[in-house]
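Asker: Provided below are the primary sequence and the corresponding predicted coordinates.
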Amino acid sequence: MRKALVLVSALLLVAFALQFVFAAVGAFTKPAGDGAYALHSVNGMVVIPVLTLLTVLLAALARAPGRVVGLAALPLALVVLQALLAMFANAFTDASGASTPVGLTVAGLHAVNGIIAVHVVVGLLRTARELANPAPADAQRVVVREAEPA
């Protein structure tokens, strides 16, 4: 189960990395129509939440410590926050539908939250790897020194 946790955590990191690519695709699509952010939306609202739930399940089945299970669940909370930030950014437009400084600030927080989510998943992947390949309990650290010149 712990190896599966590593694999799904790695897939989750890939999905988050692709999320930035899909956001760029949406931002640079000309002309920007309703479907410009379709990949970004599907990945963020379907793929990432499913992988996150699978990660939480695998962490629990692997009998990982509670903090690891919590760390596995944190990306789901950040995805919910992402959706709220996107909704609020779109809500803060003027009467003609143009962006406002408040809406742009909230949109900036959407990007910052995405960066935070990536860092959380990197930490989760690192922790999952440590759980899957623990150091032996009796292992001693060996320091190798170069021989002094004669």
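Answerer: Received the coordinates, thanks.
Asker: can you count the residues close to Val121?
Answerer: Per other C-beta atoms under 10 Å, the neighbour tally for Val121 reads 27. For the C-beta atoms, the positions are set from N, CA and C on the backbone; glycine is no exception.
Asker: who's in contact with it?
Answerer: Counting by C-beta atoms under 8 Å, 6 or more residues apart in numbering, Val121 touches 9, 12-13, 16, 75.
Asker: next helix or strand past the helix or strand hosting Phe20?
Answerer: Using DSSP states H and E, Phe20 sits within helix 2-28. Along the chain past helix 2-28, the next helix or strand (assigned with DSSP H and E) turns out to be helix 38-42.
Asker: and that next one, what does it pack onto?
Answerer: Based on contacts counted as 3 or more C-beta pairs under 8 Å, 6 or more residues apart in numbering; DSSP states H and E, the elements that helix 38-42 packs against are helix 2-28.
Asker: picking that back up, now the helix holding Phe20: average pLDDT?
Answerer: Taken as a whole, helix 2-28 carries a mean pLDDT of 95.
Asker: same thing with stretch 84-99?
Answerer: Per-residue confidence for stretch 84-99 averages out to 89 on the pLDDT scale.
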